[in-house]
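*Asks:* sequence? don't have it. structure:
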Ligand SMILES: [Zn+2]
């Protein structure tokens, strides 16, 4: 379901994001981001509520997406982070849907 002020297909490109990825539900959180436009410009924002941004060079407006790439770690790369790697402990596989 889309909001009335969002055109049809507004989120379609994001739903087709290749795995692995994470869908982030932004909650107005302060985000420090480096933004890269297709025109080659780069800019930086460190603010709350950055749901939209505009390239300062070519003036293209963007909606900040909710999908972020996940980068697989080898066991050796993961080892120093053990204990801080978050898992969903409530997640259970539904045996009937396999
Ligand atoms: Zn640009």
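*Replies:* Ah, there it is. A quick note: this is a predicted structure, and the numbers were derived from the prediction, not measured.
*Asks:* determine the number of other residues adjacent to the closest residue to residue 70 other than its chain neighbours.
*Replies:* Nearest non-adjacent residue to residue 70, counting by C-beta to C-beta, 6 or more residues apart in numbering: residue 20, 3.7 Å away. Any C-beta I mention is one placed from the backbone N, CA and C, and that applies to glycine too. Neighbours of residue 20 under the rule other C-beta atoms under 10 Å: 10.
*Asks:* from the ion, how far out is residue 20?
*Replies:* For residue 20, the distance to the ion (C-beta to the ion, to the nearest Å) stands at 28 Å.
*Asks:* please apply the same query to residue 90.
*Replies:* Relative to the ion, residue 90 is positioned 42 Å away (C-beta to the ion).
*Asks:* you'd agree that residue is in a strand?
*Replies:* No - using DSSP: H, G, I helix; E, B strand; the rest coil, the assignment for residue 90 is coil, not a strand.
*Asks:* please state the backbone phi and psi of it?
*Replies:* phi -90, psi -10 (degrees, to the nearest 10).
*Asks:* for residue 44, same thing?
*Replies:* Per-residue torsions, residue 44: phi -130, psi 140 (degrees, to the nearest 10).
*Asks:* pLDDT wise, what is it at?
*Replies:* You'll see residue 44 listed with a pLDDT of 97.
*Asks:* count of neighbours near it?
*Replies:* Neighbour tally, residue 44, other C-beta under 10 Å: 8.
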